[in-house]
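In: Below is the sequence, then the predicted model.
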Amino acid sequence: MLSGAETDTVYTATGTLDRQDMVTEYAPLVRRMANHLAARLPSSVQLDDLVQAGLIGLMDAAGRYEQDAGTRFETFATQRIRGAMLDELRQNDWLPRSQRRALKQIETALSKLEQRLGRAPSESEVAREMGMPLAEYQEMLQNARGYQLLHLDDFSADGGSDFLDSNCPDERENPLEQLRSERFRAALTAAIDVLPEREKLLMGLYYEQEMNFREIAAILGVTESRVCQLHGQAVIRLRAKLKEW
């Protein structure tokens, strides 16, 4: 990851921040973020589209950044870049509705079984609950690649602001939204803690260590496609637990 310390000291001869140099310096960060996001999305999502959206976010960050605000440019730019990429995804319905309905069915089955069993159900138990062979259920999990923990459509309100409007930062921080974010993070942490051990390890390696599925497969001793299935199942388990959000 690029160091923000270098870019924070990019100045022109007159001592003012050089916006173009900031954009040039952080362009590789845009591609790195786009690659990481694309790895979680269906192949129909074009990497170049994410990069282009991210560059727009970076240029917006360079134009809006105020050094006196006390925030490092890298931190400020990362938020803008991510917001621009999510906005690009919001404008394109990249997950078919039929597939989303199927994954909702898995989510419902997982929730019912967990309430009934008092623990996280196994894949074979979920498949049996849904009345299908295990192989068919695992294929559905394979197709779950790109299914968001927080799907953008889930947070739309009639005539009101949506999830992106509430969570993409602007110049003024909202204390209420900060509180909600803290409560959500606490709920998410608690939900991850009760995942099956292998899925919990996978989520840590993927989201905290930023390893890709191939690297995780080597650690877990399974195939890359199996890691994809386990990731999809973990995300659906978390969605089931976080429905109130």
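Out: It's in. Just so you know, these numbers come straight off a predicted model, no measurement behind them.
In: alpha carbons only for contacts and neighbour counts from here, please
Out: OK.
In: Could you verify that residue 63 is part of a helix?
Out: Yes: note on residue 63: a helix contains this position according to DSSP: H, G, I helix; E, B strand; the rest coil.
In: Need the phi and psi values for residue 213.
Out: phi -60, psi -30 (degrees, to the nearest 10).
In: give the contact list for it.
Out: Neighbour list for residue 213: 206, 224, 227, 228 [criterion: CA atoms under 8 Å, 6 or more residues apart in numbering].
In: Repeat that for residue 124.
Out: For residue 124, counting by CA under 8 Å, 6+ apart, the contacting residues are residue 134.
In: end to end, how far does stretch 90-99 reach?
Out: 17 Å (CA to CA, to the nearest Å).
In: Look up how far residue 114 lies from residue 191.
Out: 12 Å.
In: remind me which residues of this protein are low pLDDT?
Out: 1-17, 40, 42-44, 68-69, 92-96, 144-180, 244-245 (pLDDT under 70).
In: what are the ranges of the helices in it?
Out: Secondary structure of the chain by DSSP state H: the helices cover 4-7, 19-38, 47-64, 73-90, 97-117, 123-129, 134-142, 163-167, 175-193, 197-203, 213-220, 224-241.
In: Compute the first-to-last residue distance for stretch 91-98.
Out: 18 Å.
In: before we move on, what about stretch 119-134?
Out: End-to-end span of stretch 119-134 (CA to CA): 19 Å.
In: How about stretch 187-202?
Out: Termini of stretch 187-202 sit 19 Å apart (CA to CA).
In: Can you name the residues in contact with it?
Out: Against stretch 187-202 from outside (CA under 8 Å, 6+ apart): 120, 216, 227, 230, 231, 234, 237, 238, 241, 242.
In: picking up where we left off before, of the helices of the chain, which stretch is the most buried?
Out: Across the helices of the chain, the average number of neighbours (mean count of other CA atoms under 10 Å) peaks for helix 224-241, which reaches a mean of 22.
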